[in-house]
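Trainee: Predicted coordinates and the sequence they were generated for:
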Amino acid sequence: MPAPGAAAGSQRVFLHVGPPKTGTTYVQSVLWTNRKDLREAGVLLPGRGRTAHFSASGDLRGRVKARGGGGGRLTGRWDRLAAEVRDWPGTSVISCEWLAPASDQQIARALASFGSAEVHVVATLRDLGRVVPAVWQEQVKNGKSFTMSEFLDLLAHPVPDSYGELFWSVQDPRQMVGRWGRHLPPDRVHVVTLPGSGAAPDELWTRFSSLFLSDSSAYDTTSVRANPGLDPAAAELLRRVNADLGGRMRKASHSPLVKQLLHGELTKEQSGRKTRLPVEAVAPIAATAQAAVEWLRGSGHDVVGELDELGVDTTPRETSLPEDSPEDEVSRAAVHAMTALLLTMQADGAHKRKVWRNQDGADQSGGPSDSEAPAESDASPSGGPVTPRARALSVARRATRVGRRAAGAARRRVAGG
């Protein structure tokens with residue numbers, strides 16, 4: 001069916017540019033979960049999967065290789081994605097928060113790549129009182145070891161080429177929306193505000209999809225990937241782990257082991273307390289948010305939701321910095337994480353032994369040999385795609401084997417010595 005406000009057969013492109021920590025994981029999960037149904041409704045998600053949008057966005061922004069040890073070359077990824085969009089007669093949606101920091105030159109290239117299609121930009125926005133702690137946690141999850149107070153100091157002093165400057169270039173709508181908006185008519189820039197905590201669980205999807213769907217209720221919004229936050233003690237534990245690692249872990253290993261496996265276990269059992277802004281940071285962040293709201297009111301951009309939802313809650317409440325969490329709470333989080341990791345590895349080991357026994361039987365009965373089997377990094381024992389947890393455990397097992405070999409070599413040197 002034609003998208004709202006579009007003539008049948010017209011080409012339209014919706015670029016969802018984030019920024020990070022504004023419901024992007026949720027929106028992308030709903031989009032990809034419903035990819036087939038969306039296509040039948042005339043809405044294309046170009047690329048083979050969600051990572052195609054990240055790879056293409058990385059290429060647009062000048063990255064040569066994907067992040068991580070096994071990353072492939074990105075050159076040409078954006079052009080391939082854009083070509084697929086140009087070949088589609090209806091509406092296309094591209095969603096990636098890596099587009100938020102794009103420069104004017106990169107934005108111009110992106111818009112030109114879609115030819116004669118009508119391009120719209122969508123920014124999902126969240127109040128800065130929730131964004132700032134969420135971004136700090138995301139940075140810690142990605143390996144940073146600065147405390148919340150150190151992070152806030154970076155934001156308070158955004159000198160050129162600093163992290164603070166990068167943060168505000170992405171999270172201040174006056175900069176990010178303003179940058180994209182310079183290249184399009186005001187009514188083709190859409191601001192979707194994140195609903196408050198009392199809203200329906202699918203309200204963000206309803207708002208976002210109203211831009212290109214006549215009826216959003218027919219799509220699955222329950223089988224989606226979550227990106228939960230940590231309570232203050234668990235976040236502090238993860239930060240200390242990063243500090244203790246001291247850069248000794250390769251990025252390719254950090255993502256599956258710390259970002260996915262350890263963080264995933266820490267989210268399973270928490271106190272329920274949220275990581276919030278400390279009292280002294282509320283007023284300046286609230287002032288920045290209010291200035292952004294007033295700018296949006298006068299921008300002429302389409303607003304889906306309520307701009308008042310972007311205001312920071314200034315209700316006085318007792319808060320403490322994550323780095324000031326009681327030691328017993330941090331210790332409990334550490335014990336829980338260690339126990340969960342051991343149980344996970346035990347279960348994985350039992351599963352592996354069962355698979356190996358089955359494979360031994362298959363080999364004896366003329367089944368596939370080891371040389372014909374997929375590599376561990378490419379497929380799971382069942383032949384399906386590798387999950388983040390399976391990939392993390394694979395890295396852990398390889399690290400254990402290397403450690404055992406190193407220990408054995410050391411013992412042999414001592415014995416011979």
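Mentor: Ah, there it is.

Trainee: now for the helix or strand where residue 253 lies, which elements pack on it?
Mentor: Element membership for residue 253, per DSSP states H and E: helix 251-254. On a contact count with 3 or more Cβ pairs under 8 Å, 6 or more residues apart in numbering; DSSP states H and E, helix 251-254 meets helix 388-416. Quick note: C-beta positions are derived from backbone N, CA and C, even for glycine.

Trainee: tell me the mean pLDDT for the helix holding residue 253?
Mentor: What helix 251-254 shows for mean pLDDT is 78.

Trainee: cool, and stretch 36-47?
Mentor: Here the average pLDDT along stretch 36-47 is 98.

Trainee: Would you indicate which residues of that stretch are buried?
Mentor: Within stretch 36-47, the residues scored as buried using 16 or more other Cβ atoms under 10 Å are 38, 41, 42, 43, 44, 45, 46, 47.

Trainee: Then stretch 175-185?
Mentor: Neighbour-count burial for stretch 175-185 [16+ other Cβ under 10 Å]: 175, 176, 177, 178, 179, 180, 181, 183, 184.

Trainee: Next, format those as JSON lines and append secondary structure, distance to residue 81 and pLDDT.
Mentor: What follows is the buried residues of stretch 175-185, written out as JSON lines (DSSP: H, G, I helix; E, B strand; the rest coil; distance: Cβ to Cβ, whole Å; pLDDT from 0 to 100):
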{"residue": "175", "secondary structure": "helix", "distance to residue 81": "25", "pLDDT": "98"}
{"residue": "176", "secondary structure": "helix", "distance to residue 81": "21", "pLDDT": "99"}
{"residue": "177", "secondary structure": "helix", "distance to residue 81": "23", "pLDDT": "99"}
{"residue": "178", "secondary structure": "helix", "distance to residue 81": "25", "pLDDT": "98"}
{"residue": "179", "secondary structure": "helix", "distance to residue 81": "21", "pLDDT": "98"}
{"residue": "180", "secondary structure": "helix", "distance to residue 81": "18", "pLDDT": "98"}
{"residue": "181", "secondary structure": "helix", "distance to residue 81": "22", "pLDDT": "98"}
{"residue": "183", "secondary structure": "coil", "distance to residue 81": "19", "pLDDT": "98"}
{"residue": "184", "secondary structure": "coil", "distance to residue 81": "19", "pLDDT": "98"}
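
Trainee: In the residues you listed, find the pair that's most separated.
Mentor: Within the buried residues of stretch 175-185, 175 and 184 form the most distant pair, 15.9 Å apart (Cβ to Cβ).

Trainee: Please narrow the buried residues of stretch 36-47 to those residing in strands.
Mentor: Residues of the buried residues of stretch 36-47 located in strands (DSSP state E): 43, 44.

Trainee: give me the low-pLDDT residue ranges for the protein?
Mentor: For the chain, the stretches with pLDDT under 70 are 1-9, 67-71, 270-271, 349-417.

Trainee: Pick out the residue nearest the middle of it.
Mentor: residue 25 (5.7 Å; Cα atoms, centre = their mean).

Trainee: so the closest residue to that residue other than its chain neighbours, which of the three states?
Mentor: In space, and not counting its chain neighbours, residue 25 is closest to residue 227: 4.1 Å by Cβ to Cβ, 6 or more residues apart in numbering. Under DSSP: H, G, I helix; E, B strand; the rest coil, residue 227 falls in the coil class.

Trainee: follow-up on the earlier one: give the buried residues for the helix holding residue 253.
Mentor: Result for helix 251-254 [16+ other Cβ under 10 Å]: buried residues 253, 254.

Trainee: Only alpha carbons, please: show that helix as CSV.
Mentor: Extracted in CSV, the C-alpha atoms of helix 251-254 (Å, rounded to 0.1, in the frame of the first residue of the first chain):
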residue,chain,number,x,y,z
LYS,A,251,38.8,-5.0,20.4
ALA,A,252,37.8,-8.1,18.5
SER,A,253,37.7,-10.0,21.8
HIS,A,254,36.3,-7.2,24.0
